[in-house]
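Engineer: sequence plus the predicted model coming up.
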Amino acid sequence: MVIMTIHITNLYGQSPYSVALMSQNLVSDIGKMLGMKEIGIYYYDSSKENPASLRTRFDGMNAAVAHGDTIVLQTPTWHPTEFERAYLQQLRAGYDINLVLFVHDVPPLMFSGNFYRMPQVIETYNMADVIIVPSEAMLRVLRENGLTVKKVLLQHMWDHTTPLSWQTPQFEKLVNFSGSPERFQFIKEWKYDLPLHVFAAPNAKLEAPASTVIQEEWKFKTELLDKLASNGGFGLVWNQTEDSEYYSLNASYKLSTYLAAGLPVLVPATLSNKEIIENNHLGFVIHSLEEVPEILNKISQEKYDGLVRNVKRFRVLLNEGYFTKKVLIDMVHLLFQNESDQ
Ligand SMILES: O=c1ccn([C@@H]2O[C@H](COP(=O)(O)OP(=O)(O)O)[C@@H](O)[C@H]2O)c(=O)[nH]1
């Protein structure tokens, strides 16, 4: 007899280029490995749905939920906050359950124009028994904005469970970047005498890129890792121009993609989890893009190969999903033990 089922939500219906979709699928797949059941959340324009049909939709999603169960909501669902709040309220009203929020992104902090929505978002977070947030810095900001949930866990880093590329990256004086030129202004302004290989969706190509900006085709999963590994060089994490401080709070998905491909990384000094890069010697922490050519022109073959060896060792954690497994298992302990009066 099962006495407690853990359910975890998973997003459906977004474009295959959606990183939100990829990351939710990843967490839900690992949750299922640990025996959790999935609740699918379809992405559509829910703002026009009337409350009665929304309630029926939620009842359908909750068909397998019973008293005593635990629900992990991966948030944002990219529906309006009202949708998430209504869903959680219906769960709370209908069942005696444990609620966990696994926060991937905080939309009011991603886009400054949305900051006015912060109180509503925090109110929704405060419905949780346990909340999982990307970093200590994110937790601080959420606390400053009224987060009261006592039981908190940190994600630290995204996993990347795509089958690995077994190629060993070679030292090349080039930088790989995965992300759209629309979001990352520095791509348009790349002025260094070093190739910048940009991996972005087909609809996000630059009209007239600098000759050192090489626009790669979008690649899925292992193909992406293979191409990054065969390009060699480094993987770059860099801020968007606007709202550039967000990487000091979230966990960057591309960071894990590069490491899974075996590439050493160049990351901004403001990155929330830069200590992981420093402590494990996985690349360089930089303060400005000006440092990129300096590093690439100076680094020796031996030093590069040493970084590649460190990455090869570390990436096992990502490939086997150990950051996610750890936080999901810690979540169960935190729910059912009294150790957390933090
Ligand atoms: O050709 C490509 C280019 C990008 N990506 C994915 O897009 C992510 C980068 O997305 P984003 O810039 O939103 O990540 P973050 O800002 O979290 O680092 C990468 O990690 C890849 O998983 C991909 O699958 N194929």
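Structural biologist: Nice, I can see it.

Engineer: give the helix, strand or coil label for Gly306.
Structural biologist: Secondary structure, DSSP: H, G, I helix; E, B strand; the rest coil: Gly306 is helix.

Engineer: neighbours around it, how many?
Structural biologist: Gly306 has 13 neighbouring residues, counting by other C-beta atoms under 10 Å. (Each C-beta comes from the backbone N, C-alpha and C, glycine too.)

Engineer: ok, the residue nearest to it when sequence neighbours are not counted - contacts?
Structural biologist: With C-beta to C-beta, 6 or more residues apart in numbering as the criterion, Gly306 has its nearest non-adjacent residue at 7.6 Å, and that residue is His281. Going by C-beta atoms under 8 Å, 6 or more residues apart in numbering, His281 touches Gly306, Leu307, Asn310.

Engineer: in terms of helices and strands, where is the last one?
Structural biologist: Counting by DSSP states H and E, the secondary-structure element that holds Asn310 is helix 301-319.

Engineer: that helix - what's its average pLDDT?
Structural biologist: Mean pLDDT, helix 301-319: 97.

Engineer: other residues contacting that helix?
Structural biologist: Counting by C-beta under 8 Å, 6+ apart, 157-162, 164, 168-169, 171, 256, 259-260, 262-264, 280-283, 322-323 sit against helix 301-319.

Engineer: would you mark the buried spots in that helix?
Structural biologist: Judged by neighbour count (16 or more other C-beta atoms under 10 Å), helix 301-319 contains these buried residues: Tyr304, Leu307, Val308, Asn310, Val311, Phe314, Arg315, Leu317, Leu318, Asn319.

Engineer: re the thing from before, phi and psi next, for the residue nearest to Gly306.
Structural biologist: When read as degrees, to the nearest 10, the backbone of His281 gives phi 50, psi 60.

Engineer: what distance do you get for Asn173 to Gln24?
Structural biologist: Let me fix one detail, which is that residue 173 is Lys and not Asn. Distance of Lys173 to Gln24, given as C-beta to C-beta, to the nearest Å: 36 Å.

Engineer: looking at the two, which one has more neighbours?
Structural biologist: Gln24 (25 against 16).

Engineer: can you count the residues close to the residue nearest to that one when sequence neighbours are not counted?
Structural biologist: The shortest distance from Gln24 to any non-neighbouring residue, by C-beta to C-beta, 6+ apart, is to Leu11 (4.2 Å). The burial count assigned to Leu11 is 24, neighbours taken as other C-beta under 10 Å.

Engineer: on the three-state scheme, Leu11 is what?
Structural biologist: strand.

Engineer: next up, the contacts around Leu224.
Structural biologist: Leu224 touches Thr162, Ser178, Phe199, Thr257, Ala261, counting by C-beta under 8 Å, 6+ apart.

Engineer: so what's it scoring on pLDDT?
Structural biologist: 96.

Engineer: that one: which element?
Structural biologist: Counting by DSSP H and E, the element that carries Leu224 is helix 221-231.

Engineer: CA atoms of that helix as PDB?
Structural biologist: Provided in PDB are the C-alpha atoms of helix 221-231 (Å, rounded to 0.1, in the frame of the first residue of the first chain):
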ATOM      1  CA  LYS A 221      20.600  17.600 -27.000                       C
ATOM      2  CA  THR A 222      23.600  15.300 -27.800                       C
ATOM      3  CA  GLU A 223      24.100  17.100 -31.100                       C
ATOM      4  CA  LEU A 224      24.600  20.300 -29.200                       C
ATOM      5  CA  LEU A 225      27.100  18.700 -26.800                       C
ATOM      6  CA  ASP A 226      29.000  17.100 -29.700                       C
ATOM      7  CA  LYS A 227      29.200  20.300 -31.600                       C
ATOM      8  CA  LEU A 228      30.400  22.300 -28.500                       C
ATOM      9  CA  ALA A 229      33.000  19.600 -27.700                       C
ATOM     10  CA  SER A 230      34.200  19.500 -31.300                       C
ATOM     11  CA  ASN A 231      34.500  23.300 -31.400                       C
END
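
Engineer: so that helix versus helix 301-319, what angle?
Structural biologist: Between helix 221-231 and helix 301-319, the angle comes out at 170 degrees (axes from the mean of the first three to the mean of the last three C-alpha atoms, to 10 degrees).

Engineer: list the buried ones in helix 221-231?
Structural biologist: For helix 221-231, burial by neighbour count (16+ other C-beta under 10 Å) applies to Leu224, Leu225, Asp226, Lys227, Leu228, Ala229, Asn231.

Engineer: show me what the helix or strand following the helix holding Asn310 is packed against.
Structural biologist: Sequence-wise, the next helix or strand downstream of helix 301-319 (DSSP H and E) is helix 322-336. Judged by 3 or more C-beta pairs under 8 Å, 6 or more residues apart in numbering; DSSP states H and E, helix 322-336 is in contact with helix 19-33, strand 70-75, strand 98-103, strand 130-133, strand 151-154.
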